[in-house]
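Q: Pasted the sequence and its predicted model underneath.
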Amino acid sequence: MPRLVNLQPNRGGTLTLGVLPFLLLLAAYLLGSNARLTDNADDKLLPSMTTLVTTVHQYAFEEDRRSGEVLLWVDTLASLKRIGLALGISAGIGMLCGLMLGAIPYVRALLAPFIAAVAMIPPLAILPILFIVLGLGEVAKVTLIVIGVAPILIRDLALRAAELPAEQLIKAQTLGASSWLLSTRVILPQLWPRLIDALRLNLGCAWLFLIAAEAIASTEGLGYRIFLVRRYLAMDVILPYVVWITLLAFSMDWLLRAIRARFFPWAEVT
Amino acid sequence: MPVVTVRRLWKEFGTQVVLENLNLTVDEHEFVTIVGASGCGKTTFLRMLLGVEKITRGELLIDGQPIASEPGPDRGIVFQRYSLFPHLTVLQNLMLGLEFRDARVLGRLFGTARRRALDKAQSLLDAIGLSAARHKYPTQLSGGMQQRLSIAQSVIREPKILLLDEPFGALDPGLRADMHEIILKLWSANRMTVFMVSHDLQESFRLGTRLWVFDKLRHDQQAPDAYGATVTYDIPLNGRRQAAMPAPAVLATA
């Protein structure tokens, strides 16, 4: 009998094992839901599949009676706009500052301690300040995500730039590279895959900040809806929304990974 | 005028004397191989020539002028590892030096300038036998291929001086013969002056027109850092080779 550490599942086995926890969770939910509903037909905590499907259909395919909008799509679009814009801005700031911090010692001396301190500010603690200063509109919500994510990106990219072998940078100089060319043709291109990795790792944070901001001040958005229907114990709305958010985040993660593999094949582990 | 002049050169790290009182002149197109025990300052000397290590006392002149305090295109370098750019293909790695020279803002060439650079890169690729791998990334190459590319990459800017820091140290002995042939070919074609640090005595004798042995002349058991190394042997080698080597046309025209 070979050791456990040497036993490899085949492809079918890997797939089956990967799906298993999801199925177990689903089964546990169905059993629990069934048990509670038999006990009390008006139970709201674990709605039945029928209720869930009806609610999802109502939110995803029917116009809301009051606003005339299809709520799930309005919410999704609003949230994706915010998080997309915020991640784009964060990536831009992260790349620019990370590159300069990593490449230019004087910039590092000037900004590294400041950014290290700013990165330690809990973003949710300054959310009230953002609402006071920037108002309750989109700017405050996007800013919250940027403040939460950008410093981490900057530090990560600056570290990565500093990790480049000194040999490479010296070699580039012997080939005649100026500081500008060294930054744009040697350091920057090697930071792109790292930026994507850092964004993937920060997706969770970004969604957290988004939902927190939407919960407090918004008129549409996935986070807004969840906190709105919480008042009516509407688990039949909250649960599908949570699954949907998870699915969105997972897709973004997958998309980023695909972009990395497609455009930066040299950075893939060989 | 000698290409490199070293006068009363000292290098110290704090209280540790690494090199003491070096006095040397090197003419154009010499091939200097440098050997010596580990930690005797060979690489430190090479790094001073490169411009990344400061001189403590004395003079280090290139063409009669004090050496620049940072690396530049007149002095090429091949390290043992890590000197290729992993995000560029073989061809792009080779072209980079030409792009740095001719495109100071974008760092990329277009049109005829690009075609000229491509031709030059292609002729070098043929010379080092890497044409078939020109669209591969460095990580996809073997160690020997990587070092050949690294040498060609340094040569493409036609540096006056080429510095080699144990360039074949990580390669199989069988591969080294090929590498020796390539380095001699490029050396004779480009009229450069070469400084090569090596641990391999046989290689050093075979390649150089001049061999330096770095060693300490004085030892103090109580203070091992008190005295530094200097060039204890300066041996002329392969006297007939410079005259005998014809310049291959492929690189001369490039």
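A: Yep, that arrived. Residues are numbered from 1 along each chain as shown, chains lettered A, B, ... in the order given.
Q: Go ahead and flag the most central residue of chain B.
A: Centroid-nearest residue in chain B: B:L163, 1.8 Å away (criterion: Cα atoms, centre = their mean).
Q: what's the distance between that one and chain A?
A: 8 Å (Cβ to the nearest Cβ, to the nearest Å). No exception for glycine: its C-beta is placed from N, CA and C like everyone else's.
Q: residue contacts, residue 143?
A: Picked chain A for this. Contact analysis of A:T143 by Cβ atoms under 8 Å, 6 or more residues apart in numbering or on different chains lists A:L130, A:L134.
Q: look at chain B instead
A: Counting by Cβ under 8 Å, 6+ apart, B:G143 has contacts B:A170, B:L171, B:D172, B:L175.
Q: so how far is the first residue of stretch A:55-71 from its last?
A: End-to-end span of stretch A:55-71 (Cα to Cα, to the nearest Å): 11 Å.
Q: Wasn't B:F195 part of a strand?
A: Yes: under DSSP: H, G, I helix; E, B strand; the rest coil, B:F195 sits within a strand.
Q: Number of residues surrounding it?
A: B:F195: 26 surrounding residues under other Cβ atoms under 10 Å in any protein chain shown.
Q: looking at the sheet around it, what are its partners?
A: B:V32, B:L163 (DSSP bridges).
Q: Can you give me the distance of it to chain A?
A: On the measure of Cβ to the nearest Cβ, B:F195 and chain A end up 13 Å apart.
Q: and if you look at B:A226?
A: Taken as Cβ to the nearest Cβ, the span from B:A226 to chain A is 30 Å.
Q: in terms of contact, does that residue touch B:K216 like I think?
A: No: counting by Cβ atoms under 8 Å, B:A226 does not reach B:K216; the two are 9.9 Å apart.
Q: Comparing the two, which shows the higher neighbour count?
A: For B:A226 versus B:K216, neighbours defined as other Cβ under 10 Å are more numerous around B:K216 (19 against 14).
Q: The closest residue to that one other than its chain neighbours: what's it in contact with?
A: Of all residues not flanking B:K216 in the chain, B:A229 sits nearest, at 5.0 Å (Cβ to Cβ, 6 or more residues apart in numbering or on different chains). By Cβ under 8 Å, 6+ apart, the contact set of B:A229 is B:V18, B:L19, B:E20, B:G36, B:C40, B:G41, B:F214, B:D215, B:K216.
Q: Tell me which stretches of the stretch 51-200 of chain A form helices.
A: A:71-103, A:105-118, A:127-134, A:138-163, A:166-174, A:179-181, A:188-216 (DSSP state H, counting those that start in this stretch).
Q: need the helices for chain B, in chain order.
A: Residue ranges of the helices in chain B, as given by DSSP state H, are B:42-50, B:90-102, B:111-128, B:143-155, B:173-190, B:201-207, B:241-244, B:249-252.
Q: JSON lines please, covering those helices and showing mean pLDDT and distance to B:L61.
A: What follows is the helices of chain B, written out as JSON lines (pLDDT from 0 to 100; distance: least, Cβ to Cβ, whole Å):
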{"stretch": "helix B:42-50", "mean pLDDT": "91", "distance to B:L61": "11"}
{"stretch": "helix B:90-102", "mean pLDDT": "93", "distance to B:L61": "25"}
{"stretch": "helix B:111-128", "mean pLDDT": "90", "distance to B:L61": "30"}
{"stretch": "helix B:143-155", "mean pLDDT": "90", "distance to B:L61": "22"}
{"stretch": "helix B:173-190", "mean pLDDT": "84", "distance to B:L61": "22"}
{"stretch": "helix B:201-207", "mean pLDDT": "87", "distance to B:L61": "25"}
{"stretch": "helix B:241-244", "mean pLDDT": "54", "distance to B:L61": "23"}
{"stretch": "helix B:249-252", "mean pLDDT": "42", "distance to B:L61": "28"}
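Q: Can you redo the ones you listed as JSON lines, where the extra columns are distance to A:P240?
A: Shown next, in JSON lines, are the helices of chain B (distance: least, Cβ to Cβ, whole Å):
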{"stretch": "helix B:42-50", "distance to A:P240": "63"}
{"stretch": "helix B:90-102", "distance to A:P240": "49"}
{"stretch": "helix B:111-128", "distance to A:P240": "55"}
{"stretch": "helix B:143-155", "distance to A:P240": "54"}
{"stretch": "helix B:173-190", "distance to A:P240": "62"}
{"stretch": "helix B:201-207", "distance to A:P240": "71"}
{"stretch": "helix B:241-244", "distance to A:P240": "81"}
{"stretch": "helix B:249-252", "distance to A:P240": "69"}
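Q: Mind pulling the model confidence for residue 82?
A: Looking at chain A here, since you left the chain open. Here, the pLDDT recorded for A:R82 equals 95.
Q: um, chain B though
A: 81.
Q: Please look at it and A:I170 and confirm they touch.
A: No: B:Y82 lies out of contact with A:I170 (Cβ under 8 Å); the separation is 9.8 Å.
Q: So for the two, which sits in the more crowded spot?
A: A:I170 (20 against 17).
Q: if we can go back for a sec, give me the subset of the contacts of B:A229 that lies in strands.
A: B:V18, B:L19, B:E20, B:G36, B:F214, B:D215, B:K216 (DSSP state E).
Q: right, and out of those, which lies closest to chain A?
A: B:V18 (19.1 Å; Cβ to the nearest Cβ).
Q: before we move on, the earlier item: would you list the buried entries among the contacts of B:A229?
A: For the contacts of B:A229, a burial check counting by 16 or more other Cβ atoms under 10 Å in any protein chain shown picks out B:V18, B:L19, B:E20, B:G36, B:C40, B:G41, B:F214, B:K216.
Q: Next, the distance between the ends of stretch A:217-234.
A: End-to-end distance (Cα to Cα), stretch A:217-234: 20 Å.
Q: How about stretch A:213-223?
A: First residue to last in stretch A:213-223 (Cα to Cα) measures 8 Å.
Q: which outside residues touch that stretch?
A: Here stretch A:213-223 makes contact (Cβ under 8 Å, 6+ apart) with A:74-76, A:78-79, A:82, A:127, A:131, A:136, A:140-141, A:144-145, A:210-212, A:224, A:226-227, A:241, A:244-245.
Q: Would you mind listing what in the stretch 151-254 of chain B touches chain A?
A: B:Q153, B:S154, B:R157, B:P159 (Cβ under 8 Å from any Cβ of the partner chain).
Q: Does B:L49 touch B:D165 like I think?
A: No: the pair B:L49 / B:D165 is not scored as a contact, 10.4 Å apart, by Cβ under 8 Å.
Q: For burial, what's the neighbour tally of residue 65?
A: Chain wasn't specified; assuming chain A. The burial count for A:R65: 7, using other Cβ under 10 Å.
Q: that's the wrong chain, I meant chain B
A: Neighbour tally, B:Q65, other Cβ under 10 Å: 8.
Q: That one and B:T5: what is the separation?
A: When distance is defined by Cβ to Cβ, to the nearest Å, B:Q65 is 10 Å away from B:T5.
Q: so what's in contact with those two at the same time?
A: With Cβ under 8 Å, 6+ apart, B:Q65 and B:T5 have no common neighbours.
Q: quick one, what contacts the residue nearest to the spatial centre of chain A?
A: In chain A, the residue lying closest to the centroid (Cα atoms, centre = their mean) is A:L203, at 1.8 Å. By Cβ under 8 Å, 6+ apart, the contact list for A:L203 reads A:A249, A:M252, A:D253.
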